[in-house]
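>>> Give the three-dimensional model of this entry:
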Amino acid sequence: TRALTGTAVTLQAAYVPTDATGVELLWDDGSTGNSTVHVWPEGSYTACITATDVGNNVVTDTHAVTVVCPVVESARIEGPTTALTGTPITLYGIYTATDDIAGGVTLEWDNGAFGSSTVYTWTEIGIHTVVLTATGACGNPVTAMHTVTVTSACTPVQSVGISGPTSALSGTVVTLHAAYTPSDATGVSLAWDNGATGESAEYTWPEGVYTVVVTATAACGDPVTATHTVTVTGFVQHSIYLPLVLRNH
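Here you go, the predicted structure:
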């Protein structure tokens, strides 16, 4: 079991048979009953429970808990670099952290929003800088910046392409990249068929032939798509044969 430092960890105990007579449950922290609550600092812990019945038959069990305290290593913002006045765009916050766990890192945007994404709408033409702050339960906050150029005229996206490997080994990570033209198309968002967003996406497949699809959508005009085929093979085992030499002595 993994838990976040400073949060309450509830452990539950159960015994068999459930109709055993006069069973008393004692935890190693001195509490009794079928549950106990701990709040631990970062580290590794082992909780112990002892069950004793009316005949003084005793059984014990243990449960290991690893308590982590994530430290943010890096943060970045993905999303459109251009936008049309009065048109909302969605930006996404991405981070890496040691011992990451749900609730261990907070993402705060300079518009007051929290979470992995937020929406901006500007009415003033010009260059706007967005700031994202990623704060882990431990360590120092890490900030990322993203510049968006806001114009009153909309330039549609004309094409999009995918670059990256066309072959891979099963079980390995394949990173693909997308680029669109013109590069100053307004408010372009990139969506991959695995649910990823942004200029790159990672895939891991078993053996087979796969076709990846990316869709580029601008603030005006029709979306455009591109496909990319990857052939995935298994590991090939190679044998090396050495000559056998017999000598008479």
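>>> what's in contact with the helix or strand harbouring Val65?
Val65 belongs to strand 58-68 when assigned by DSSP states H and E. Strand 58-68 is touched from outside by 1-5, 9, 11, 13, 15, 38, 40-52, 99, 101, 104, with contacts defined as CB atoms under 8 Å, 6 or more residues apart in numbering. (Glycine included, C-beta is placed from N, CA and C.)
>>> In strands only, show me the residues you listed.
2-4, 9, 11, 38, 43-52 (DSSP state E).
>>> Among those residues, which one has the most neighbours?
In terms of neighbours by other CB atoms under 10 Å, these top out with Ile49 at 22 neighbours.
>>> what about this structure, any weak spots by pLDDT?
Along the chain, the model assigns pLDDT under 70 to residues 235-249.
>>> can you do 90?
Applying pLDDT under 90 to the chain picks out residues 152-154, 219-220, 234-249.
>>> Now the phi/psi pair for Pro156, please.
phi -70, psi 160 (degrees, to the nearest 10).
>>> now it, nearest residue through space, not along the chain?
Gly221 (2.7 Å; CB to CB, 6 or more residues apart in numbering).
>>> Thought Thr217 was touching Pro223, still the case?
Yes. If you go by CB atoms under 8 Å, Pro223 and Thr217 touch, sitting 4.3 Å apart.
>>> Pull up the overlap in contacts between the two.
Common neighbours of Pro223 and Thr217 (CB under 8 Å, 6+ apart) are Val157.
>>> Tell me which of the two has more neighbours.
Thr217 (21 against 14).
>>> Beta-bridge partners for that one, please?
Ser189 (DSSP bridges).
>>> Distance check, it against Thr18.
57 Å (CB to CB, to the nearest Å).
>>> follow-up on the earlier one: show me what secondary structure element comes after the strand holding Val65.
strand 71-78.
>>> Show me what that next one is packed up against.
Using 3 or more CB pairs under 8 Å, 6 or more residues apart in numbering; DSSP states H and E, the elements in contact with strand 71-78 are strand 89-98, strand 126-136, strand 142-151.
>>> and the first one, which strands flank it?
For strand 89-98, the paired strands and their directions (DSSP bridges) read strand 71-78 (antiparallel), strand 117-120 (antiparallel).
>>> for the second one, same thing?
Strand pairing for strand 126-136, determined by DSSP bridges: strand 105-109 (antiparallel), strand 142-151 (antiparallel).
>>> Pull the residues that contact the shortest one.
Where contact means CB under 8 Å, 6+ apart, the residues beyond strand 105-109 that reach it are 70, 72, 75, 91, 93, 95, 97, 114-116, 118, 130-137.
>>> Could you turn the buried ones of these into a ChimeraX selection?
Remark: buried members of those, expressed as a ChimeraX selection using 16 or more other CB atoms under 10 Å:
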select :70,72,75,91,93,95,97,118,130,132,133,134,135,136,137
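>>> that older thread, tell me which of the strands paired with strand 126-136 is the most buried.
Across those, averaging neighbours per residue (mean count of other CB atoms under 10 Å) puts strand 105-109 on top, at a mean of 19.
>>> re earlier: kindly reformat the strands paired with strand 126-136 as TSV and extend each row with distance to Val209.
TSV is the format used below for the strands paired with strand 126-136 (distance: least, CB to CB, whole Å):
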stretch	distance to Val209
strand 105-109	37
strand 142-151	36
